[in-house]
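[1] Sequence isn't available, so here's the structure alone:
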C-alpha cells in the first residue's frame, strides 16, 4: 500500500500521498492565535503505543517502517483514506481516517516521539484547482519526510501520480494549511463568519498562502465586506501572481461594485504582477465579448493566445468571437 523511499532513488510507480484540503473548528482569529491548535499533540496513550511499535535501539528508518506497517498495513484496523477528513494527529488516531495533511500530522508527531527527525513536505505547485461557485478548491500534495537532503526518505503511496518536486515546509505553514482547510469547510457548509475567522488565522500564521487569501475574500464578500474582499484578493495576487482565481474573483467583485473600468484596472494589475496565465485574459475577453465589445475581446484573446498558444480553450474562444463577428470561415 505504501513505501518509504529515498528521494534520490525516485522509484517508478510510487506517488506522494495526495488529498483535497478542506475542513472545520471555531473561535475568533485572535483567540485561535492566542491558543493555536496543536495538530501534533499526542495523548499519553499514543506516546506509549508509539514506543511499543518502535522501541529504542532501532535505526531511524526501521522505526518509521514499524510505525507505517502498523498504521497503513493490510490489517483491518489500519487507517483508511478519506479526503474529507481533516483532523489533528490525535483525531486521526482516534477516528482511523486521514487525508494527506492529517496523516502528515500524525506521522510527524509519532516520528518525533520515537526520536526520528520528521518534517512536512509539500509539492512545489498545486496539482489542480476546481471551483464551486466563488470558492476555489485546491488539490495539494503533503507528505512526511525524514533524514537530510541527499539521503532523505519520504512517504510515498502507490496509485497516485509522482510529484515532480517536494519542498520542506515549516510546522507553522502546516498549521496555516490546517486553518485554511477548516475555513474552506466552513464556506462549503454555508458558515461564512466561522470560515472568515479560520481563514484570517491561516493568513496570520503564514501570509503567503494565496488560496487562503482568495477564500478569505470569498468569506468577506459573503458577509458584505466588499472592501475587505478586494483587499484579500489583491493580497492573493501578491502571494502568487499566477493564481488565476484571485483575478477572476477580483474582476467579478469590481464589476459588481459598479467599476466600469474594472477590466482596465485588472489588466494593469496583471502587467504589474507579470502574470503569464492565459486564462485570466481569456476570462476578460469573454466578459468583453458578452458586453458586445468585440474589438477589445479580440485584443484580450490575442494576449491569451500569446501566453498559451496551444491551449484549446483559447482557440475555441477566438472561434466564438469570429462567429459573433459573422466571420464563419475564420
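    Right, received. Where do you want to start? All of these numbers come straight from a predicted model, not from anything done at the bench.

[2] contacts and neighbour counts: CA atoms only from here.
    Noted.

[3] The host helix or strand of residue 252 packs against which elements?
    Following DSSP states H and E, the helix or strand that holds residue 252 is helix 244-256. Applying 3 or more C-alpha pairs under 8 Å, 6 or more residues apart in numbering; DSSP states H and E, we find helix 244-256 packed against helix 210-222, helix 226-239, helix 262-273, helix 278-290.

[4] Show me what counts as buried in it.
    244-251, 253-254 (16 or more other C-alpha atoms under 10 Å).

[5] repeat for stretch 148-155
    Result for stretch 148-155 [16+ other C-alpha under 10 Å]: buried residues 153-155.

[6] right, and residue 100 touches residue 141 too?
    Yes - in this structure residue 100 lies within contact range of residue 141 using C-alpha atoms under 8 Å: 6.9 Å.

[7] List phi and psi for residue 144.
    Torsion angles at residue 144 (phi, psi; degrees, to the nearest 10) stand at phi -120, psi 140.

[8] And for it, nearest residue in space, chain neighbours not counted?
    Nearest residue to residue 144 in three dimensions, chain neighbours excluded: residue 120, at 4.7 Å (C-alpha to C-alpha, 6 or more residues apart in numbering).

[9] State the helix or strand in which the one you found lies.
    Going by DSSP H and E, residue 120 is in strand 118-123.

[10] Can you tell me what sits against that strand?
    104, 107-109, 111-112, 140-147, 163-171, 174 (C-alpha atoms under 8 Å, 6 or more residues apart in numbering).

[11] Could you list which of those residues belong to strands?
    Among these, the ones falling in strands (DSSP state E) are 140-146, 166-169.

[12] just the residues you listed now: which is nearest residue 267?
    The closest of the ones in strands among the contacts of strand 118-123 to residue 267 turns out to be residue 140 (C-alpha to C-alpha; 28.4 Å).

[13] the strands in the stretch 51-200 of the chain, which residues?
    Here the stretch 51-200 of the chain has its strands, by DSSP state E, counting those that start in this stretch, at 80-81, 97-98, 118-123, 128-132, 135-146, 153-158, 166-169.

[14] what mean pLDDT does the fourth one have?
    To tie it back to what came earlier, the one meant is strand 128-132. In this model, strand 128-132 has a mean pLDDT of 61.

[15] what do you get for the fifth one?
    The predicted model gives strand 135-146 an average pLDDT of 77.

[16] so how far is residue 169 from the residue nearest to residue 144?
    6 Å (C-alpha to C-alpha, to the nearest Å).

[17] Okay, now the unreliable bits of the stretch 201-330 of the chain?
    276 (pLDDT under 70).

[18] go on, the stretch 1-150 of the chain?
    For the stretch 1-150 of the chain, the ranges with pLDDT under 70 are 1-28, 34, 125-139, 149-150.

[19] again, only using 50
    Under the criterion pLDDT under 50, the flagged ranges of the stretch 1-150 of the chain are 1-3, 5-26.

[20] now the helices: where do they sit in the stretch 51-200 of the chain?
    60-72, 89-95, 100-113, 171-188, 192-205 (DSSP state H, counting those that start in this stretch).

[21] would TSV of those with distance to residue 288 and mean neighbour count be doable?
    Formatted as TSV, these follow (distance: least, C-alpha to C-alpha, whole Å; neighbours: other C-alpha atoms under 10 Å):
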stretch	distance to residue 288	mean neighbour count
helix 60-72	52	18
helix 89-95	49	18
helix 100-113	41	25
helix 171-188	30	24
helix 192-205	31	25
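
[22] Of those helices, which is nearest residue 222?
    Comparison of those against residue 222 by C-alpha to C-alpha identifies helix 192-205 as nearest, at 6.6 Å.
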